[in-house]
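[1] Predicted coordinates and the sequence they were generated for:
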Amino acid sequence: MRALDRKLLRDLWSMKTQVVSIALVIACGIGGFAATFSTHDSLAWSRERYYDSARFPQVFATVKRAPDSLVPRIRAIPGVSEVDTRVVQDTQLDVPGVVQPIIARLIGYDFLHPSAMNRLTLTAGRWPAPGSRHEAVVNQRFMEARHLALGMDVHVLLNGKRERLRLVGTVLSPEFIYATRGGGLPDDEWFAVMWMDSEQLASAFDMTEAFDSVLLRLAHGASQPAAIAALDRLLDPYGTYGGVGREDQASDKILSQELEQLRVLGTVLPAIFLLVAAFILNVVLHRLVTAQRGEIAALKALGYGDRAIALHYLQFTTVVVLLGVLIGIAVGWWIGLDLTGLYTDFFHFPEFRYRLLPWVVVAGAATALVAGYGGALAAIRGVVRLRAAEALRPPMPTHFRPLLIERLGYARLVSPAQRMVLRNLERKPVRAALTVAGIAGSVAILLSGTFWNDAIEYFMDVQFNKVQRAQVTLGFVEPVPESVRWELAHLPGVEQVEVQRSIPAVLRAGPRSYRTAVTGVQDHPLLQRILDADLKQAAPGPAGLLLTARLAQRLHVVPGDLVSVELLEGRRVRADLRVAGTVRELAGMNAWMGLHDLNRLAGDGPVVSGAGLLVDRAAEGSLLARLKQIPRVAVVIVNRSLLDTFRETNARNLLFFTTVLTVFAATIAIGVVYNNARIQLAERAWELASLRVLGMTRGEVSVLLLGELALEIAAAIPLGFVAGFWLSTLIVKLTQPEVFEIPMVILPDTYLYAGAAVVAAGIVSALIVRHRVDHLDLVAVLKTRE
Amino acid sequence: MAIVFTARNVTKVYRMGEVEVHALRGVDLEVASGELIVLLGASGSGKSTLLNILGGLDTPTSGEVRFEDHVLSTADEAALTRYRREHVGFVFQFYNLIPSLTARENVALVTDIAEHPMAPEEALALVGLAERLDHFPSQLSGGEQQRVAIARAVAKRPQVLLCDEPTGALDYETGKLVLEVITRVNAELGTTAMVITHNAAIAAIADRVLRIANGRIAKVEVNARKLTPAEISW
């Protein structure tokens, strides 16, 4: 080993605490990067593999009722290679021991000759006997979430008739990797997907030789939009709700959104960590090369060239960075494994393999090295450029000048000790500013990781307590007369009833279109309110549509514009309606109208499709039992149950993210504060030791050293709050889901937590350095030349 | 005898903040191979500047400096680095050892990059430190540290050995020991040596003594009989 390499190793060893603290900051960045991208890769890979092996369709369409005779014409659409048709119906499910009704999606399946596409994977039990009316397989997660045993009997409403079904097996389906009715919330407990004999299901729903769901696989290179357009034209006379590609399929859409979110988080946060690491490296190396001025001069005199010396210090950086990358990859692998564990609770694949791809390691290491070298080069450049003879002379004494406050004549306001602290800050404003920025960064990271809880709680509070105030929401099989409200009002425990009509519709404006539903509401609704982000109530005007602002943006329309509305139910009315207003709702892509206006538009009498109920909690059980007996009620949703399930799963996720980010942020804070304190100590050891010799106590000397850091932390925290708010807003912007808005709400407690965590990190760093101040070797320090 | 250094009308002006310092004001000098030269002068007289320029650590503001057939005065940093690496050994007042390296490793710093170096052990034996090879600078006395520095300087078998106040930080006995090593290297290896000091007594060991004052060579004395370090005292 060359002598210079030995010097490198010994330098590294003598600065090991600093080396490790910098490496840990880098490790956080790389760890976050590796964890998110490995999870991203693993999920994306598992999805691709599952879609391939299960032969997942490319196009999905729903229709009211189309005859089987249409199939050859669908098959003839250019680009279509395979067609599958089936019956899909949502209905009420009654599980023994569960009072609240559960929604079941029943899907017809030919178990004897299964379709070549959209294949099911049996995970337990057996397939139903072909032709059996009373056997079904169910999605695995529902069985797990409900702790049900195979072989048990449940009851479903088949077209209004209560029938027994035996659950004989559990399955996975690529269509339900994320099982949701479309709301976006995970509702494994309240939503079951069941596959039963296709003939039996068809006959139960009077759909013999007909279908209401079409799946297409396209030939390689075929145009998906063209195929969807052709399919829509064919299905149009039969009441289609329009075809969609994979990207709009409910499960795939949510999975894609999650992948995108991982990608954003995995890019933004690690970038901050690496920037901070680059800064600390810069400061530490700057200090190192300044302290080693004499050694550098000697090396130059001995004939070492600039490049060799620069390389020597770059190697120092390389070792620190690679150590950080190594730890980071290990941490990232570990967190990634946990993170994918969390995800497999939501996303269900037959084969899920966690993998950390080489490109993640290489990209992480390369980025970290670039950041590290960026920080190091600036520090090294100055000394390398020094002429050797100049490097031999001690550096010029640092230039001090009176503080601004002193120049203004208020010198007496500050004690000599405070003056030393303030002058030091003033002397190195750039370093002080960067230190403040680094600490503020850790506050910001902490905030950006913990504010989600506030945002989501606020969102939930608005949605479930202010907008959707009904405890129970009903959906009817077919529209029913508005007078149903009086019947509902007489059910046990019902205190208030509010009805509405919702009709699936396509809204078009120029070349843009969006599939949603037009909802007609009573005047002055109390249970299903329309609120904007500031909780101001809005109401649809007498003529025209009230649109969610997001929907208006998507369609590029403003109040006063015309929107072409096609109702996808009944007579399938098409009409041009004026946009009367927009409302910035947190959730949904809604089009609101007055109830009577909508019925008039649809050409119907006074009918409704659903109702919200305000219920006396004590009577809820008997009400739900009663509702199960009413055949016209297809769907019953108990909002509180949804909320509870959501909170339960969400709490676990948030705890995980909060913990990880707190550890990361503390690492940054300690990295910045500790390294700065060590450097201050090294630079001022002589001065501090002199003060000790002059009779100052350890405490007084520590105050001089740590006072500066305390000031920096105090300045950094409010800045960090502002930066954290910006960072959170940026992350929210970059990950904004299509159909709802994450409100930017950060509660005081969250700020307090972030501030306290960083102060705690500062105190820990201060204590470590204080320990060194206490052990300053006065004699040795005074003997050194510096 | 061959001439190693030629300096013609060399000047050097520093800018220290807002002050201009004329360190050298027209120096002419020739140094012959194998000579032992002592530069005497008060602090700030310009002797270190002259030595640094001859050693390729600095360049003059004007005038010409040659080492054999290399022109140093107009050489760039890379050429000067090569010159230092191949031909010059330096010894400083404060030794400038690398504290994280042992005596042997400090010498190896030079032998790693030199063309025909002696072994670090051999160089250390030459300065009487064969027993202290694996000691760190902090474990050595000042005199021992300075002898390591000399070993480090001569290990590459340089043509010139340039010493800036080599005894400045040492006590009397140790200082004499270090001077003995320098004269031995000069005599046994034939290395041209230039030693800066402000201690006039040391001048007696030189072939020639240059008295520097105000950035000029004020006086040149040739010693008819040079003394050994053992014979001098101060």
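    Arrived safely.
[2] Would you mind giving the secondary structure of A:Q553?
    helix (DSSP: H, G, I helix; E, B strand; the rest coil).
[3] Could you pull up the residues touching residue 226?
    Assuming you mean chain A. A:A226 sits next to A:78-79 when contact means Cβ atoms under 8 Å, 6 or more residues apart in numbering or on different chains. C-beta coordinates here come from the backbone N, C-alpha and C atoms, glycine included.
[4] nope, chain B please
    Per Cβ under 8 Å, 6+ apart, neighbours of B:K226: B:36, B:204-207.
[5] now the residues you listed in CSV, with secondary structure, neighbour count and pLDDT?
    CSV is the format used below for the contacts of B:K226 (DSSP: H, G, I helix; E, B strand; the rest coil; neighbours: other Cβ atoms under 10 Å in any protein chain shown; pLDDT from 0 to 100):
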residue, secondary structure, neighbour count, pLDDT
B:L36, strand, 21, 95
B:A204, helix, 18, 92
B:I205, helix, 24, 93
B:A206, coil, 25, 94
B:D207, coil, 16, 94
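[6] Nearest residue to the closest residue to chain A within chain B in space, please, no chain neighbours.
    Nearest to chain A, among the residues of chain B, is B:R85, at 2.5 Å (Cβ to the nearest Cβ). Taking Cβ to Cβ, 6 or more residues apart in numbering or on different chains as the measure, B:R85 lies nearest to A:G303, with 2.5 Å between them; neighbours along the chain are not counted.
[7] hey, what's the most centrally placed residue in chain B bridged with?
    If you average the C-alpha coordinates of chain B and look for the closest C-alpha using Cα atoms, centre = their mean, you land on B:L162, 1.4 Å from that point. When bridges are called by DSSP bridges, B:L162 pairs up with B:F90, B:M194.
[8] and the gap between it and A:P78?
    Distance of B:L162 to A:P78, given as Cβ to Cβ, to the nearest Å: 89 Å.
[9] before we move on, what SS does A:F111 have?
    A:F111 falls in the coil class when you classify it by three-state DSSP.
[10] and it, how many neighbours?
    If you count neighbours by other Cβ atoms under 10 Å in any protein chain shown, A:F111 ends up with 20.
[11] and the contacts of B:K226 as TSV, adding distance to A:M744?
    Formatted as TSV, those follow (distance: Cβ to Cβ, whole Å):
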residue	distance to A:M744
B:L36	80
B:A204	85
B:I205	81
B:A206	81
B:D207	84
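[12] Check which helices and strands the lowest-mean-pLDDT helix or strand in chain B sits against.
    Confidence across the helices and strands of chain B bottoms out at helix B:77-87, with a mean of 86, counting by mean pLDDT, DSSP states H and E. Using 3 or more Cβ pairs under 8 Å, 6 or more residues apart in numbering or on different chains; DSSP states H and E as the contact criterion, the elements in contact with helix B:77-87 are helix A:293-302.
[13] ok, the helix it packs on near chain B or not?
    Yes. Where contact is defined by Cβ under 8 Å from any Cβ of the partner chain, part of helix A:293-302 touches chain B, namely A:294-295, A:297-302.
[14] Those residues of chain B touching chain A, which are they?
    With Cβ under 8 Å from any Cβ as the criterion, chain B comes near chain A at residues B:16-17, B:49, B:52, B:55, B:57-58, B:77-78, B:81-82, B:84-86, B:88, B:90, B:92, B:94, B:96-101, B:105-106, B:108-110, B:112-114, B:152, B:156.
[15] For chain B, which segments count as strands?
    Taking DSSP state E to define them, one finds strands in chain B at B:3-16, B:19-32, B:36-40, B:62-67, B:70-71, B:88-91, B:160-164, B:192-197, B:208-213, B:216-222.
[16] just those strands: most buried one?
    When you average the neighbours per residue for each of the strands of chain B (mean count of other Cβ atoms under 10 Å in any protein chain shown), strand B:88-91 leads with a mean of 27.
[17] Counting by contacts, list what that one packs against.
    For strand B:88-91, the helices and strands in contact under the criterion 3+ Cβ pairs under 8 Å, 6+ apart are helix A:293-302, helix B:142-154, strand B:160-164.
[18] hmm, try it at 7 Å
    On a contact count with 3 or more Cβ pairs under 7 Å, 6 or more residues apart in numbering or on different chains; DSSP states H and E, strand B:88-91 meets helix B:142-154, strand B:160-164.
[19] Pull the contacting residues for the closest residue to chain B within the stretch 201-350 of chain A.
    Here the residue of the stretch 201-350 of chain A nearest chain B is A:G303; by Cβ to the nearest Cβ that distance is 2.5 Å. Contact criterion Cβ atoms under 7 Å, 6 or more residues apart in numbering or on different chains gives B:81, B:84-85, B:113 as the residues in contact with A:G303.
[20] Would you list the buried entries among these?
    B:81, B:84-85, B:113 (16 or more other Cβ atoms under 10 Å in any protein chain shown).
[21] Save those residues as TSV, and put in distance to A:P57 too.
    What follows is those, written out as TSV (distance: Cβ to Cβ, whole Å):
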residue	distance to A:P57
B:T81	70
B:R84	76
B:R85	73
B:I113	70
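[22] Closest one of those to A:E498?
    Distances from the buried ones among the contacts of A:G303 to A:E498 were compared by Cβ to Cβ; the smallest belongs to B:T81, at 87.2 Å.
[23] can you list contacts of the longest helix along chain B?
    For chain B, the helix reaching the highest residue count under DSSP state H is reported as helix B:172-188. When contacts are taken as Cβ under 7 Å, 6+ apart, the neighbours of helix B:172-188 outside the stretch itself are B:36, B:127, B:142-143, B:146-147, B:150, B:154, B:161, B:163, B:166-167, B:170, B:191, B:193, B:195, B:202, B:205, B:228-229.
[24] how distant is it from the center of its chain?
    Relative to its chain's centre, helix B:172-188 lies at 13 Å (Cα atoms, centre = their mean, to the nearest Å).
[25] I'd say A:V635 and A:D90 touch.
    Yes. A:V635 is in contact with A:D90 according to Cβ atoms under 7 Å; the separation is 6.5 Å.
[26] Mind listing the shared neighbours of these two?
    Any residue near both A:V635 and A:D90 by Cβ under 7 Å, 6+ apart counts here, and that gives A:I103.
[27] show me what contacts B:L72?
    Contacts of B:L72 (Cβ under 7 Å, 6+ apart): B:56, B:65-66, B:83.
[28] secondary structure element for A:G341?
    Per DSSP states H and E: A:G341 is located in helix A:306-346.
[29] and the top strand by length along chain A, what does it pack onto?
    As far as residue count goes, and with DSSP E defining each element, the longest strand of chain A is strand A:494-509. Packed against strand A:494-509 by the contact rule (3+ Cβ pairs under 7 Å, 6+ apart) you find helix A:484-489, strand A:512-521, strand A:562-567, helix A:595-602, strand A:607-615.
[30] For chain B, which of those is the nearest?
    Of all the helices and strands packed on strand A:494-509, strand A:512-521 sits nearest to chain B, with 65.3 Å by Cβ to the nearest Cβ.
[31] which element follows that closest one toward the C-terminus?
    strand A:545-548.
[32] ok, and what's touching that next one?
    Strand A:545-548 has contacts (Cβ under 7 Å, 6+ apart) with A:530, A:538, A:540, A:563, A:577, A:579-583, A:585, A:588-593.
[33] Make sure B:A204 is actually in contact with B:R225.
    No. Taking contacts as Cβ under 7 Å, B:A204 lies outside contact range of B:R225: 9.1 Å.
[34] number of nearby residues for the residue in the stretch 601-750 of chain A that chain B sits nearest to?
    In the stretch 601-750 of chain A, the residue that lies nearest chain B is A:A682 (13.9 Å; Cβ to the nearest Cβ). The tally of other residues near A:A682 (other Cβ under 10 Å) stands at 16.
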